[in-house]
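S.K.: What follows is a predicted structure for the sequence shown.
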Amino acid sequence: MMSVRTTACRNSTLPTTRLIHRKRVCHFSYRFQSIHSKGALLVLFWDILIEIAQNVMVYSASDVQDAYNAFVLTLIVWFTLPFAFLVGGFVGDASISRYNIIYVGSWLSLVGMISLYLVIVLELPLLLAYIVYAVLLATLASVRVNLLPFNIDQLIGSSSDELSAVIHWHNIGPIFALVSSQIIGLKIDNIPRIYYIVVCTLCVAVLLISHSFCKHWLDCTPVNTTNPVKLIAQILCYARKHKYPENRSAFTYWVEKAPSRLDLGKEIYGGPFTEEAVEGIKTILRLLPLIIICGMPTSFVEEYVLGVGASNYGCDSGLV
């Protein structure tokens, strides 16, 4: 009687096991993951708003008819944005928390837009307009570069799939923002350029309003980070000065492959650095050639090669 019941139970659970196994089969090797954190979704929404504001401001500079003003504004865009990205990301990691940069930078961007509006309406000197425009781009870029790390801070302890989802949607956001800014530029093509500033002001205002109502969703605890530039310099200097491991642990003698100069800085080989820090530096060094190679094709774009010489300088043809 017991064997009959056991056999019946096994037979009854067999289809269920097969059914569960069939449910877990995925015919696609890639799919977007959903994000369950309200704070992460809020920061992604901010990312789109800041990207729209930044693209609209850059579009306003490229759509100026006067050759000299277009040239000056183009130079401001080219020099301000990369510098602000580097400095803003460094300050957010090394000294000031990312949340403070996002919050203070949003308010400074709002003040900068209002100031630029007043400069244009009151017809103040162009030099003042150029300065305000450069500061505005710098604040927007500083906010933008800290949004992704701050979004990842909201998902500390989450699964790798959810972290990957944040990065995926972060990369889709600029596409949506770029299309939206281009549509906005086409819609207000025959309207005074002052409305560019109005659109940017609305984007930043929505960000600040949503922050005031949904701040409790965010995890604003500062993350203990070290100076990344200092850490890179220390690891590279240690690798340059040490050719052999110091105070090597007995548990590492089973390793078949000899450690590299950078690996000697790990604690397991007697170095002063954690394994995560050394592996992070190795990842940066691996990605650096890829970044350079991916940036080279932009040098052959006609707008970058001939645009400044032909249109912005006011010349008929050729490079200046």
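M.R.: Thanks, I have it.

S.K.: Low-confidence ranges, the protein, go.
M.R.: Scanning the chain for pLDDT under 70 picks out 1-33, 62-67, 181-182, 184-193, 224-225, 245-256, 298-320.

S.K.: Using the record, which stretches count as separate domains in it?
M.R.: 38-220, 228-294 (automatic domain parsing).

S.K.: what's the most buried one of these?
M.R.: domain 38-220 (a mean of 18; mean count of other CB atoms under 10 Å). In short, each C-beta sits where N, CA and C put it, glycine included.

S.K.: ends of that domain, how far apart?
M.R.: 13 Å (CA to CA, to the nearest Å).

S.K.: and Gly173, what is it in contact with?
M.R.: Applying CB atoms under 8 Å, 6 or more residues apart in numbering to Gly173 gives the contacts 44, 47-48, 51.

S.K.: if we go to 10 Å?
M.R.: 44-52, 147-148 (CB atoms under 10 Å, 6 or more residues apart in numbering).

S.K.: Find the helix or strand that it is a member of.
M.R.: helix 160-187 (DSSP states H and E).

S.K.: Please state the offset of that helix from the chain centre?
M.R.: Distance of helix 160-187 from its chain centroid, counting by CA atoms, centre = their mean, to the nearest Å, is 11 Å.

S.K.: From Ala94, how far out is Lys230?
M.R.: 8 Å (CB to CB, to the nearest Å).

S.K.: again with Leu178
M.R.: In terms of CB to CB, Leu178 sits 30 Å off from Ala94.

S.K.: Equivalent analysis for Leu73, please.
M.R.: 31 Å.

S.K.: And for Pro272?
M.R.: Taking CB to CB, one finds Pro272 at 19 Å from Ala94.

S.K.: next one: Cys237
M.R.: Relative to Ala94, and taking CB to CB, Cys237 is found at 18 Å.

S.K.: So which residues of the stretch 101-250 of the chain form helices?
M.R.: With DSSP state H, counting those that start in this stretch as the criterion, the stretch 101-250 of the chain has helices at 126-153, 160-187, 194-214, 228-241.

S.K.: Quick one: closest of those to Tyr103.
M.R.: helix 194-214 (7.0 Å; CB to CB).

S.K.: and that closest one, what does it pack onto?
M.R.: Contacts defined by 3 or more CB pairs under 10 Å, 6 or more residues apart in numbering; DSSP states H and E place helix 194-214 against helix 38-62, helix 98-121, helix 126-153, helix 160-187.

S.K.: Export those as CSV, with columns for distance to Ala84.
M.R.: Shown next, in CSV, are the helices and strands packed on helix 194-214 (distance: least, CB to CB, whole Å):
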stretch, distance to Ala84
helix 38-62, 10
helix 98-121, 10
helix 126-153, 4
helix 160-187, 16
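
S.K.: and the residue lying closest to Leu208 once chain neighbours are set aside, what does it touch?
M.R.: Excluding the flanking residues, the one nearest Leu208 by CB to CB, 6 or more residues apart in numbering is Ser106, at 5.7 Å. By CB under 10 Å, 6+ apart, the residues touching Ser106 are 46, 49-50, 53, 139-140, 142-143, 203-205, 207-208, 211.

S.K.: how much space between Ser106 and Tyr133?
M.R.: Distance from Ser106 to Tyr133, by CB to CB: 17 Å.

S.K.: Please apply the same query to Leu49.
M.R.: 19 Å.

S.K.: likewise Ser212?
M.R.: Counting by CB to CB - Ser212 and Tyr133 are separated by 27 Å.

S.K.: And Lys230, by the same measure?
M.R.: 33 Å.

S.K.: Just name the closest of the contacts of Ser106 to Pro259, please.
M.R.: Ser142 (38.7 Å).

S.K.: In this structure the closest one contacts Tyr103, no?
M.R.: No - using CB atoms under 10 Å, Ser142 is not in contact with Tyr103, being 11.4 Å away.

S.K.: How about the contacts made by Leu178?
M.R.: 51-52, 55, 59.

S.K.: for Gly89, same thing?
M.R.: 98, 101, 141-142, 144-146, 148-149, 228.
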